[in-house]
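Asker: Give me coordinates for this.
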Amino acid sequence: MAKKIVRVVGHKNPDTDSICAAIAYANLKSHTDDTMEYIPVRAGSISAETAFVLDYFKADTPALLKDVGTQIKDIHIRRTEGVSSNLSMKKAWEMMKILNVVTLPVVNKKDKLEGLIVTGDIAKSYMDVYDNSILAKARTQYRNIIETLDGKIVAGNEHGYFVKGKVIVAAGTPDTIKGNVAEDDLVIISDREESQLICIEANCSCIIVTSGFDISKDVINAANAKDVVVISTPYDTFTTSRLINQSMPIKSFMTRENLIHFDLDDYVDDVRDTVSKIRHRDFPILDENQNYVGMFSRRNLMNARKKQVILVDHNETSQAVANIDEAEILEIIDHHRIGSLETIGPVYFRNQPLGCTGTIIYQMYMEKGVEVTPQMAGLMCAAILSDTLVFRSPTCTQVDKSTALILAEIAQIDVEEFAQKMFEAGSNFANKTEEEILNQDFKIFHSGDYTFGVSQISALSRTELDKVQARVVPLLDKMQVEKQLDMLFVMLTDILNESTYLIYSGAEAASIAASAYNLPQSKDGIMLKGVVSRKKQLIPELINVINER
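Answerer: I've put the predicted structure just below:
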């Protein structure tokens, strides 16, 4: 039985800590719990800095997960096997009874959906047909007729098709039969050899001899000479007449047009709205290549399984992957303030006042007695160096620093040398659009009636930041409106000089920023010396001013 998947995910617009924490914690969980499959995922594009780190330590980039809403692939999928359009109506009915279903999917040899056959279609083929040529119009294969009548082939080609003529029951005198049988007809007949030969001489397509009567060599030879198919069935004439229409292929009655189907990645909420307006009981599911994979019913939607997730480096709804309220949160590992996220039940919540989630996860490795490999050590060390700006941030604790040095030794890297390369990679903005620069490390916060966003752009020199500022300033007002924010702040952080130039958009942004730091108000921006941490030096100050208004 396949293990249930638990996704370990950081916040939207992930930074290096968010990505590395997801990878390292998924690895830890995989070593301590073999009942689940833990996979790291990301809630957005990775930054150039993070890409450098992953490449340096030869770690795979986690798969993108934009939404944790329940999808069709999360519900119970009934793996009803697709059937051929040449399947007989009788065989389809028998399969439905065995499988306890009312719908069969019809697929071609490449698993592409061709149609659906339901019990109502089979009833129609049996009760609402008065055309004695319908078997030919349906191009019924003789093999289907043999199967339906539990018969056997006596003469002719069972792989051929009945494509022309009518179905008749040969009753009465030989003269009567001679007057009723026409060329290409299919004749249901008893054991009278003379009548059988008359039908063959009339160039019928097929004769079906009922009740298991013996068929003479003369009849067989005559049939072979005329290419007439001869079938023997154990059923009597009445039963044979009743059953024969059930040998028609389902393609003659299945629904082909306007098929309602869904994809594995479709979200249950959207699907539920659609199926509520349709009277069908069952619906086919297609994969990303539009191949048929299974069926589901309305009842399956009611019992949909929520995605299970572990959150790292955040605990606020605004920063979480979309539709987090539809997922089952199992754990939260974070080092930020406790935010607005709500869970439907108790969870393991580890929140410590440290400078980096990577520091917490390293502690958990030690607590669980799990060896830290050079790769995992490198990822967690890089996360600490990034989040603490190489120990310059006021969020950095002695625990963060000592942990980073231990991890650096395991990973066999020089802290200062590696950090320089990492920040240089992250400071290369030449190949990024203004939107990418603003969103690469962006978070949304709520305080009172205000919703505001903060983007942090870090570089090793003020010259580089000045160039970035000139590029992004024209976009601030637009970004504020698009993200429905009351205010937007952008931190242009000089790592080496430990300072931030704060620019902003929004009617009250300038006054709130100035009040937060007791500085003169400026419409362009303010210089904040010694401020490098969004979490510890900016957000608390802004919220204090907002709460006083």
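
Asker: Please give me every residue in contact with the closest residue to L354 other than its chain neighbours.
Answerer: Spatially, and ignoring its direct neighbours in sequence, L354 is nearest to H335 (4.8 Å; C-beta to C-beta, 6 or more residues apart in numbering). Backbone N, C-alpha and C define where each C-beta goes, glycine included. Shown in contact with H335 (C-beta atoms under 8 Å, 6 or more residues apart in numbering): D313, N351, Q352, P353, L354, G355, C356, T357, T359, I360.

Asker: give me that answer again for 7 Å
Answerer: Residues in contact with H335 (C-beta atoms under 7 Å, 6 or more residues apart in numbering) are N351, Q352, P353, L354, G355, C356, T357, I360.

Asker: domain parsing for the chain?
Answerer: The chain resolves into domains spanning 4-69+307-426, 73-125+252-302, 139-247, 434-547 when parsed by automatic domain parsing.

Asker: what about the last one, how long is it end to end?
Answerer: The first and final residues of domain 434-547 sit 32 Å from each other (C-alpha to C-alpha, to the nearest Å).

Asker: quick one on the thing from earlier: return the member of the contacts of H335 nearest to K66.
Answerer: Among the contacts of H335, T357 lies closest to K66 (C-beta to C-beta), at 21.1 Å.

Asker: per-residue pLDDT, the closest one?
Answerer: T357 is assigned 98 on the pLDDT scale.

Asker: same question, M1
Answerer: 64.

Asker: At which residues are the helices of the stretch 51-200 of the chain located?
Answerer: 89-99, 119-127, 134-137, 142-148, 174-180, 193-201 (DSSP state H, counting those that start in this stretch).

Asker: And the helix or strand that the last one is followed by, what does it pack against?
Answerer: Following the chain from helix 193-201 toward its C-terminal end, the next helix or strand by DSSP states H and E is strand 206-209. Helices and strands touching strand 206-209, by 3 or more C-beta pairs under 7 Å, 6 or more residues apart in numbering; DSSP states H and E, are strand 186-189, helix 193-201, strand 229-232.

Asker: In JSON lines: the ones you listed, plus mean pLDDT, mean neighbour count and distance to D270.
Answerer: Converted to JSON lines, the helices and strands packed on strand 206-209 look like this (pLDDT from 0 to 100; neighbours: other C-beta atoms under 10 Å; distance: least, C-beta to C-beta, whole Å):
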{"stretch": "strand 186-189", "mean pLDDT": "96", "mean neighbour count": "25", "distance to D270": "49"}
{"stretch": "helix 193-201", "mean pLDDT": "93", "mean neighbour count": "20", "distance to D270": "59"}
{"stretch": "strand 229-232", "mean pLDDT": "96", "mean neighbour count": "22", "distance to D270": "51"}
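
Asker: what about those, which gets the closest to K277?
Answerer: Of the helices and strands packed on strand 206-209, nearest to K277 by C-beta to C-beta is strand 186-189, at 43.7 Å.

Asker: got the contact list for that closest one?
Answerer: By C-beta under 7 Å, 6+ apart, the surrounding residues in contact with strand 186-189 are 135, 162, 165, 167-170, 181, 195-196, 199, 204-210, 237, 240-241.

Asker: Could you check what's spatially nearest to the most centrally placed residue in the chain, not counting adjacent residues?
Answerer: The residue lying closest to the centre of the chain (C-alpha atoms, centre = their mean) is D265, at 3.3 Å. Spatial nearest neighbour of D265, chain neighbours left out: Q71 (5.7 Å); criterion: C-beta to C-beta, 6+ apart.

Asker: Give me the neighbour count for the one you found.
Answerer: When neighbours are defined as other C-beta atoms under 10 Å, Q71 has 21 of them.

Asker: re earlier: could you tell me which of the contacts of strand 186-189 count as buried?
Answerer: Buried by 16 or more other C-beta atoms under 10 Å: 135, 162, 165, 167-170, 181, 195-196, 199, 204-210, 237, 240-241, out of the contacts of strand 186-189.

Asker: In terms of mean pLDDT, which of the helices of the stretch 51-200 of the chain ranks lowest?
Answerer: Looking at those, the bottom one is helix 119-127 with a mean of 82.

Asker: buried stuff in that helix?
Answerer: Residues T119, D121, I122, S125 are the ones in helix 119-127 that count as buried (16+ other C-beta under 10 Å).

Asker: Show me the shaky parts of the stretch 1-150 of the chain.
Answerer: For the stretch 1-150 of the chain, the stretches flagged by pLDDT under 70 are 1, 128-129.

Asker: Among the contacts of H335, name the buried ones.
Answerer: Buried among the contacts of H335 (16+ other C-beta under 10 Å): L354, G355, C356, T357, I360.

Asker: Let me have those in TSV, extended by secondary structure.
Answerer: Output for the buried ones among the contacts of H335, formatted as TSV (DSSP: H, G, I helix; E, B strand; the rest coil):
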residue	secondary structure
L354	coil
G355	coil
C356	coil
T357	helix
I360	helix
